[in-house]
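1. Okay, sequence plus prediction incoming.
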Amino acid sequence: MSAPTHLAPGHPSAPRAAGADARLPWWALALPALAFGLLLILLAGSGQAHAASGEGSALVQVTERLLTAVG
């Protein structure tokens, strides 16, 4: 019979109480929100579909706007 091992409280394998220190990284919430927003924009703009012109697609325009807003 093996004896139980005692782990330091900060060790990843140490048992934790339910809900204690449950934190998500920032990107775990930001990426799904960004994907939802982009899909919503694509769906909202699909009702105004027309022949392609030289100005680029809506996805390219949205991506450029996001990049200028972030950067």
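-> Yes, it's here. The shown structure was predicted, so the numbers you read here are calculated from the model rather than taken from an experiment. Numbering: from 1, shown residues only.

2. where are the low-confidence patches of the protein?
-> Across the chain, the ranges flagged by pLDDT under 70 are 1, 4-21, 46-56.

3. again, 50 this time
-> Applying pLDDT under 50 to the chain picks out no residues at all.

4. where do the helices sit along it?
-> Per DSSP state H, the chain carries helices over the ranges 26-45, 58-70.

5. Report the backbone C-alpha coordinates of stretch 61-71 in PDB.
-> Written as PDB, here are the backbone C-alpha positions of stretch 61-71 (Å, rounded to 0.1, in the frame of the first residue of the first chain):
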ATOM      1  CA  GLN A  61     -12.500  45.900 -45.400                       C
ATOM      2  CA  VAL A  62     -13.600  44.700 -41.900                       C
ATOM      3  CA  THR A  63     -10.100  43.200 -41.300                       C
ATOM      4  CA  GLU A  64      -8.500  46.500 -42.300                       C
ATOM      5  CA  ARG A  65     -10.800  48.400 -39.900                       C
ATOM      6  CA  LEU A  66     -10.000  46.000 -37.100                       C
ATOM      7  CA  LEU A  67      -6.300  46.200 -37.700                       C
ATOM      8  CA  THR A  68      -6.300  50.000 -37.700                       C
ATOM      9  CA  ALA A  69      -8.400  50.100 -34.500                       C
ATOM     10  CA  VAL A  70      -6.100  47.600 -32.700                       C
ATOM     11  CA  GLY A  71      -2.800  48.800 -34.000                       C
END
